[in-house]
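Undergrad: sequence-free structure coming up:
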């Protein structure tokens with residue numbers, strides 16, 4: 001499978017949080033992805049970029065919060081996360097860059 005420029009547009013960055021670390025113990029990796037991407041696109045991008053086999057992709061959209069910044073009201077952007085479950089024997093080390 002060849003790496004296309006669109007794959008880098010689909011996957012923005014890995015998410016390293018407490019919940020993502022717990023998910024990694026179960027063989028899943030969490031990525032921030034483009035808000036308009038779908039599950040087959042995410043699966044293809046992860047397999048092409050990291051050279052692993054993907055078992056399942058679960059997505060969630062977190063709505064941006066309204067926050068005050070220097071007295072002005074602002075809004076954080078919406079974020080889409082993908083929980084990518086890998087086949088047995090496949091791993092991705094998210095602490096290193098692409």
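TA: Cool, the structure landed. None of these values were measured; they are calculated from a predicted model.
Undergrad: Please count neighbours and contacts with C-alpha atoms only from this point.
TA: Will do.
Undergrad: list the contacts for the closest residue to residue 34 other than its chain neighbours?
TA: Spatial nearest neighbour of residue 34, chain neighbours left out: residue 10 (5.1 Å); criterion: Cα to Cα, 6 or more residues apart in numbering. Contact analysis of residue 10 by Cα atoms under 8 Å, 6 or more residues apart in numbering lists 33-34, 37, 41-42, 45.
Undergrad: residue farthest from the centroid of this structure?
TA: residue 71 (32.6 Å; Cα atoms, centre = their mean).
Undergrad: Please report the distance of it from residue 63.
TA: Note on residue 71: its distance to residue 63, by Cα to Cα, to the nearest Å, is 22 Å.
Undergrad: Same question for residue 9.
TA: As judged by Cα to Cα, residue 9 and residue 63 stand 20 Å apart.
Undergrad: Give me the three-state assignment for the one residue sitting closest to the centre of the chain.
TA: Centroid-nearest residue in the chain: residue 31, 1.5 Å away (criterion: Cα atoms, centre = their mean). Secondary structure assignment for residue 31 (DSSP: H, G, I helix; E, B strand; the rest coil): strand.
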